[in-house]
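Trainee: any chance you could fold what I've pasted below:
(4 chains)
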2 protein chains.
Amino acid sequence: MKQADAPPPEARTGIPRRANTRQILAAAEHVFGRHGFHGASMMEIAREAGLPKANIHYYFGTKEDLHRAVLEQILAEWLQDADTWLHPDISARTGFEGYIRAKMTFSRKRPDASRLFAHEVLQGAPNIYPYLSTTLRDHVAGLARTFDVWKARGEMRVDVDAYHLMFSLWGMTQTYADMSTQMCAVLSRTTLTAQDHDKSIETILMLILDSCTPVAARQTETRS
Amino acid sequence: MKQADAPPPEARTGIPRRANTRQILAAAEHVFGRHGFHGASMMEIAREAGLPKANIHYYFGTKEDLHRAVLEQILAEWLQDADTWLHPDISARTGFEGYIRAKMTFSRKRPDASRLFAHEVLQGAPNIYPYLSTTLRDHVAGLARTFDVWKARGEMRVDVDAYHLMFSLWGMTQTYADMSTQMCAVLSRTTLTAQDHDKSIETILMLILDSCTPVAARQTETRS
DNA sequence: GTCTATACGCTGATAGAC
DNA sequence: GTCTATCAGCGTATAGAC
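Mentor: Down below sits the predicted model:
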């Protein structure tokens, strides 16, 4: 249902539309991510998309409409990582590790998406609060049930609050996209290296697995 | 050197200045924190400070100057928490616990300050990058030395990277100010309760202490 | 020192030619 | 469908009266 790219003749109505909207969405994610909603200008988005400014308004009505469109696209792929890994069918250790690696990969590959979301929530989520209080809310409730299964199986500590654990996981992983400028300054780098990313994943895995996983399930790495 | 408040007659030059500048800085922290630099308007700051718009420009030249002033004030108190608690004179467990509680208290009491900082770093820290790459950089290097002492004393796991541990600590604690809107939506609250904050501190303490602290130092709470 | 009135630039949005 | 030219409103900053 979603064939993309390849700019054919405009024989059939609305075919080049797809290519243009994708370019606009990509440019918008980049510009909104870097400057936030108010700091971004439609002209800069148009320039980056290689289109005249008026076309943006033709495809997506207002600036707010475009912003919402980008956000919804991001949030859709956002939840998939959790559904894949935080699932009762796999073990707690494997699940946590897979989820953390997926979130860290997302932070590295698409930092602008993470920053765009951060900007939105920082301002009180004016555009996506309804989504957060319904879809995301139910989603996290589902994750809590997964944790209950893991706890019942003895794969996870029983006295861990599901919601606050998720908040900490989000905070730790997304900070590597949102606050990367600060990290570069502290580490005296112009950009985070592959080694930095490996170390960051290693650290977060240690924090989560060594505290949320019962002692019985981990013996190999207590080298201190 | 820093006597404040009390609006006396303008017999001596520049006395009411103090009261006004403090009001302006407080209003600016609030407005910048809620809307970010570009989203904030000088008119709103003036209204909240109870002063005409032109006075703001009289005291602090441009909008950027005011923004920088607020940021520097925040960053000054920012580092004190770490200096107090992450210090070789006290034990690792007490130090981590004190630091986490201090950061979480700051996130609860002055969320606008945390959000203002987040907005700035999200945009690439255009105003405070020099500060981050000098003062903050050296500061974190000092914390790493504290951790080395704790490791040598056997109070902390030796295979924990100091920098990434700090990044995770910042991410977990500041997310409770920056992303509080998202948490309220997920938890179905209009505002985070005292119980929520207690649980958040408890969760973070567990994550840090149970993974960074050697097994010998903790026996009482392994109830799973 | 304080405040009102205003100038100027920037940006979102649209009308209308092609 | 596509793009150029233009409008209208907002927001920073300042000039100048008090």
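
Trainee: so who does residue A:114 touch?
Mentor: For residue A:114, the contact set (Cβ atoms under 8 Å, 6 or more residues apart in numbering or on different chains) comprises A:33, A:106-107, A:174, A:177-178. C-beta here means a position set from N, CA and C on the backbone, and glycine is covered the same way.

Trainee: again, only using 10 Å
Mentor: Residues counted as contacts of residue A:114 (Cβ atoms under 10 Å, 6 or more residues apart in numbering or on different chains) are A:33, A:74, A:78, A:103, A:106-108, A:170, A:173-178, A:180, B:122.

Trainee: and it, how far from DNA strand C?
Mentor: 22 Å (Cβ to the nearest atom of the strand, to the nearest Å).

Trainee: quick revisit: pLDDT check: weakest of the contacts of residue A:114?
Mentor: Lowest pLDDT of these: residue A:78, 84.

Trainee: so it, which of the three states?
Mentor: helix (DSSP: H, G, I helix; E, B strand; the rest coil).

Trainee: ok, residue A:180 touching residue B:121?
Mentor: Yes. In this structure, residue A:180 is within contact of residue B:121 by Cβ atoms under 10 Å, at 8.6 Å.

Trainee: which residues are common contacts for the two?
Mentor: Counting by Cβ under 10 Å, 6+ apart, the residues touching both residue A:180 and residue B:121 are residue A:115.

Trainee: work out for me the element residue A:156 sits within.
Mentor: Residue A:156 belongs to no helix or strand when assigned by DSSP states H and E.

Trainee: the residue nearest to it when sequence neighbours are not counted: neighbouring residues, count only.
Mentor: Nearest residue to residue A:156 in three dimensions, chain neighbours excluded: residue A:150, at 4.0 Å (Cβ to Cβ, 6 or more residues apart in numbering or on different chains). Neighbour count for residue A:150, taken as other Cβ atoms under 10 Å in any protein chain shown: 24.

Trainee: which residues touch the strand or helix carrying residue A:150?
Mentor: Assessed by DSSP H and E, residue A:150 sits inside helix A:137-152. Residues outside helix A:137-152 that contact it (Cβ under 10 Å, 6+ apart): A:78-79, A:82-83, A:85-93, A:95-96, A:99, A:131-132, A:155-163, A:165-167, A:169, A:212-214, B:183, B:185-188, B:224.

Trainee: using ChimeraX, define a selection of the buried residues within those.
Mentor: Per 16 or more other Cβ atoms under 10 Å in any protein chain shown, the buried members of the contacts of helix A:137-152 correspond to this ChimeraX selection:
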select /A:78,82,85,86,90,92,93,95,96,99,131,132,155,156,157,160,161,162,163,165,166,167,169,212,213 /B:183,185,186,187
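
Trainee: out of the contacts of helix A:137-152, name the ones that lie in strands.
Mentor: Judged by DSSP state E, strands contain none of those.

Trainee: put the alpha carbons of the helix holding residue A:150 into CSV.
Mentor: This file holds the C-alpha atoms of helix A:137-152, laid out as CSV (Å, rounded to 0.1, in the frame of the first residue of the first chain):
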residue,chain,number,x,y,z
ARG,A,137,-1.3,5.6,28.4
ASP,A,138,-2.8,2.2,27.3
HIS,A,139,0.5,1.2,25.8
VAL,A,140,2.4,1.6,29.0
ALA,A,141,-0.4,-0.2,30.9
GLY,A,142,0.3,-3.1,28.6
LEU,A,143,4.0,-3.0,29.4
ALA,A,144,3.1,-3.1,33.1
ARG,A,145,1.3,-6.4,32.5
THR,A,146,4.3,-7.8,30.7
PHE,A,147,6.4,-6.9,33.7
ASP,A,148,3.9,-8.7,36.0
VAL,A,149,4.4,-11.8,33.9
TRP,A,150,8.2,-11.5,34.2
LYS,A,151,7.9,-11.0,37.9
ALA,A,152,5.6,-14.0,38.3
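
Trainee: that one - what's its average pLDDT?
Mentor: 98.

Trainee: pull out the buried positions in it.
Mentor: Those buried within helix A:137-152 under the rule 16+ other Cβ under 10 Å are A:139-140, A:143, A:146-147, A:150-151.

Trainee: stretch A:21-40 now?
Mentor: Those would be A:21, A:24-25, A:27-40, for stretch A:21-40 by 16+ other Cβ under 10 Å.

Trainee: out of these, who's near chain B?
Mentor: Within the set of the buried residues of stretch A:21-40, contact with chain B (Cβ under 10 Å from any Cβ of the partner chain) is found for A:33-40.

Trainee: in helices, which of those fall?
Mentor: Counting by DSSP state H, those place A:33-39 in helices.

Trainee: tell me which residues are up against stretch A:35-42.
Mentor: Under Cβ under 10 Å, 6+ apart, the answer for stretch A:35-42 is A:28, A:30-34, A:44, A:47, A:53-54, A:56-57, A:60, A:62-64, A:66-67, A:71, A:115-116, A:118-120, A:122-123, A:126-127, B:35-41, B:119, B:122-124.

Trainee: show me where pLDDT drops low in chain A?
Mentor: Filtered on pLDDT under 70, chain A yields the residue ranges A:1-15, A:216-224.

Trainee: and the helices in it?
Mentor: Counting by DSSP H, the helices of chain A are A:16-39, A:42-49, A:53-59, A:63-85, A:92-109, A:111-122, A:129-131, A:137-152, A:162-178, A:180-187, A:194-212.

Trainee: indicate which one of those is closest to residue B:17.
Mentor: Nearest to residue B:17 among the helices of chain A is helix A:16-39 (30.8 Å), distances taken as Cβ to Cβ.

Trainee: distance from stretch A:109-117 to the middle of the chain?
Mentor: With Cα atoms, centre = their mean, to the nearest Å as the basis, stretch A:109-117 stands 7 Å off its chain's centre.

Trainee: send me it as PDB with only the CA atoms.
Mentor: The C-alpha coordinates for stretch A:109-117 follow below in PDB (Å, rounded to 0.1, in the frame of the first residue of the first chain):
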ATOM      1  CA  LYS A 109      20.100   7.200  13.900                       C
ATOM      2  CA  ARG A 110      17.300   9.800  14.200                       C
ATOM      3  CA  PRO A 111      18.300  12.300  16.900                       C
ATOM      4  CA  ASP A 112      16.100  15.000  15.300                       C
ATOM      5  CA  ALA A 113      13.000  12.900  15.800                       C
ATOM      6  CA  SER A 114      13.800  12.500  19.500                       C
ATOM      7  CA  ARG A 115      14.500  16.200  19.800                       C
ATOM      8  CA  LEU A 116      11.300  17.200  18.100                       C
ATOM      9  CA  PHE A 117       9.400  15.100  20.600                       C
END
